[in-house]
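S.K.: Everything below, folded, please.
(one chain, ligands or ions: 2)
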Amino acid sequence: MENKLSLYNTLTRKVEQFIPNEDGKVAMYTCGPTVYHFAHIGNLRSYIMEDLLEKTLRYIGYDVKRVMNITDVGHLSSDADTGEDKMLKGARREHKTVMEIADFYTKAFFNDCDKLNIKKPDVVEPATNCVPEFIHMIETLIEKGYAYENGGNIYFDTAKLKAYYVLSGQSEKELLVGVREDVDEDANKKNKSDFVLWFTKSKFDAQELKWDSPWGVGYPGWHIECSCISMKHLGEYMDIHCGGVDNIFPHHTNEIAQSEAYLGHKWCNYWFHVHHLNDKSGKISKSKGDFLTISLLESKGYDPTVYRLFCLQSHYRKPLEFSYEVLDNMSVAYDKLIKKIGTLDKSGAIDQKKFDLYKEQFEAALCDDLNSSMAVTILYDLLKDEMSDATKYALAESFDKVLSLNLTTAHATRKADNTIDTELEQYVIAKIEERKAAKKEKDFAKADAIRSELLEKGIVLEDTREGVKWKKA
Ligand code: AMP
Ligand code: ZN
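M.R.: Ligands and ions are numbered 1, 2, ... in the order given. Coordinates of the predicted model:
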């Protein structure tokens, strides 16, 4: 098939024509969440843009297989193998076991994804499912002379590679400065840039999950999981590997080092990285106390789809600053958009020429290194153009396969919600009147029964000086 997509490749630091290994098929891998806490809206920016990439590939005709890991072991509080396992921290915070924490936050993550219309990858694999695969890869790396044992841990020997910093393209010095502050020197490493493949000894011995291995009871390092899980499901050659920009170093750099040392050939051709969502004080992160989640936005009255639109309006290779002012503007724009589409009369004839023209423009925008804001602009343009409502509606429906903004369904859902709300309001008001009358007649048992009846339906009554008020529980 025709390869019309251009994509920025972190490996070559250029926008390139995307050509998969196998014609018409794409093997795609995404670094999944570390499930020790809720995902923040920064994490979700990465997953929205990766979802957009997957859906664009499918829209233009590729058969995509996408795999995602769930990090439920081995991701230490510094990406450079020091500090405590994040999962353990989460378990201690909530007085639960690591597996309970993993289960809860994995579900919470996919729940957030559902709200944002992020499609679940074809394969989702928790790291704790794949320990035998990790052990096998580490054994092979030792056999091939790329890994060594020291002080109880197994390390990857980066000095054995012709080039280690292939992905980031920066000098060793620059990268070492970029490494997080809480990095302790590990005296067992032969080279500063070596990284742990398997831990049996660490400063934090309280590790809850441990497995037997040829090197003693221990647990895997974080980087090995993505190499193994992707190969398990996608084989030895991969087309696109995705993640946020903070994954470039050390995580993805280490993935390439160990995967290519293990395979003996090039592993992944295209590296897709999403830039960070920041707030005024800098990068949004989970360690920053009260962090922004989709539930928090919902509790403030925002439709999650509005956050998706906010992300789509900006290019994935630019840092994006979050602010409620911009989100408010986006909310107004979204309401107008779905109202406009919702009131289109879809029963007429479709103008095929116009349909093809706009579809072509839409694809061209997406194929231009995923220019999502241009894709949204094309939607606005066509809604203003002279053509039948049915054509506009069909185009919106088609574009939504990629944009996933509920373009043709949101209007009806909101109308239905409003109807439900009006019916509920009338019912509650009638019940309040009935209760008032009961009280007047000193029938307090009946008044209490009415209060309980409403409570069962999720309505709380409050007697105030200004009269009875009610709210949803
Ligand atoms: P984690 O759960 O920390 O493993 O991160 C999950 C994904 O979110 C990774 O791909 C990260 O690179 C990405 N990520 C982390 N912080 C941000 C941020 N502030 N903006 C966008 N993506 C992020
Ligand atoms: Zn990964």
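
S.K.: residues contacting the closest residue to ligand 2 within the stretch 1-150 of the chain?
M.R.: Here the residue of the stretch 1-150 of the chain nearest ligand 2 is residue 31; by Cβ to the ion that distance is 3.1 Å. Placement of C-beta: from N, CA and C, glycine included. Contacts for residue 31 (Cβ atoms under 8 Å, 6 or more residues apart in numbering) come out as 68, 69, 71, 226, 242, 243, 244, 247, 251.

S.K.: hang on, the last one packs against residue 221?
M.R.: No. The pair residue 251 / residue 221 is not scored as a contact, 10.3 Å apart, by Cβ atoms under 8 Å.

S.K.: Between these two, which is the more surrounded one?
M.R.: residue 221 (25 against 20; other Cβ atoms under 10 Å).

S.K.: ok, the residue lying closest to the more buried one once chain neighbours are set aside to residue 111 distance?
M.R.: Spatially, and ignoring its direct neighbours in sequence, residue 221 is nearest to residue 196 (4.1 Å; Cβ to Cβ, 6 or more residues apart in numbering). Counting by Cβ to Cβ, to the nearest Å, the gap from residue 196 to residue 111 is 32 Å.

S.K.: Same check on residue 159?
M.R.: 45 Å.

S.K.: Looking only at neighbour counts, state which of these two leads.
M.R.: residue 111 (13 against 10).

S.K.: buried residues in the helix or strand where that one lies?
M.R.: For residue 111, the element it lies in under DSSP states H and E is helix 98-115. Going by neighbour count (16 or more other Cβ atoms under 10 Å), the buried part of helix 98-115 is 98-99, 101-102, 104-106, 108-110, 112-113, 115.

S.K.: Which member of these is positioned nearest residue 51?
M.R.: residue 113 (8.1 Å; Cβ to Cβ).

S.K.: Inside strands: which ones of the contacts of residue 31?
M.R.: Among the contacts of residue 31, DSSP state E puts 68, 69, 242, 243, 244 in strands.

S.K.: Contact partners for the third one?
M.R.: Translated: residue 242. 28, 29, 30, 31, 46, 50, 53, 272, 273, 274.

S.K.: circling back to that earlier point, could you export the helix holding residue 111 as PDB, CA atoms only?
M.R.: Taking C-alpha atoms only, helix 98-115 is exported to PDB below (Å, rounded to 0.1, in the frame of the first residue of the first chain):
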ATOM      1  CA  VAL A  98       1.600  -4.300  45.900                       C
ATOM      2  CA  MET A  99      -0.800  -6.500  43.800                       C
ATOM      3  CA  GLU A 100      -3.800  -4.800  45.300                       C
ATOM      4  CA  ILE A 101      -2.400  -1.500  44.400                       C
ATOM      5  CA  ALA A 102      -1.500  -2.700  40.900                       C
ATOM      6  CA  ASP A 103      -5.000  -4.100  40.300                       C
ATOM      7  CA  PHE A 104      -6.700  -0.900  41.600                       C
ATOM      8  CA  TYR A 105      -4.700   1.600  39.600                       C
ATOM      9  CA  THR A 106      -4.700  -0.600  36.400                       C
ATOM     10  CA  LYS A 107      -8.500  -0.500  36.500                       C
ATOM     11  CA  ALA A 108      -8.400   3.300  37.300                       C
ATOM     12  CA  PHE A 109      -6.100   3.900  34.300                       C
ATOM     13  CA  PHE A 110      -8.300   2.100  31.800                       C
ATOM     14  CA  ASN A 111     -11.300   3.800  33.300                       C
ATOM     15  CA  ASP A 112      -9.700   7.200  32.500                       C
ATOM     16  CA  CYS A 113      -8.800   5.900  29.100                       C
ATOM     17  CA  ASP A 114     -12.400   5.000  28.500                       C
ATOM     18  CA  LYS A 115     -13.500   8.500  29.500                       C
END
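
S.K.: quick revisit: the contacts of residue 31: which ones sit near ligand 2?
M.R.: On the criterion Cβ under 5 Å from the ion, residue 226 are the entries of the contacts of residue 31 that sit beside ligand 2.

S.K.: which residues touch stretch 6-13?
M.R.: With contact meaning Cβ under 8 Å, 6+ apart, stretch 6-13 is reached by 14-18, 53, 166-169, 240, 248, 252, 269-273, 317, 367-370.

S.K.: change it to 10 Å
M.R.: 14-18, 53, 56-57, 166-169, 240-241, 243, 245, 247-248, 252, 256, 266, 268-273, 315-317, 367-371 (Cβ atoms under 10 Å, 6 or more residues apart in numbering).

S.K.: Is any residue of that stretch near ligand 1?
M.R.: No. Stretch 6-13 is not in contact with ligand 1 by Cβ under 6 Å from any ligand atom; minimum separation 12.4 Å.

S.K.: Could you list the buried residues of that stretch?
M.R.: 6, 7, 8, 9, 10, 11.

S.K.: In strands, which of those appear?
M.R.: 6, 7, 8, 9.

S.K.: ChimeraX command to pick out the buried ones of the contacts of residue 242?
M.R.: This is how ChimeraX selects the buried members of the contacts of residue 242, with burial counted by 16+ other Cβ under 10 Å:
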select :28,29,30,31,46,50,53,272,273,274
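
S.K.: ok but residue 346 is inside a strand, no?
M.R.: No. Under the criterion used here (DSSP: H, G, I helix; E, B strand; the rest coil), residue 346 is coil, not part of a strand.

S.K.: Thanks a lot, catch you later.
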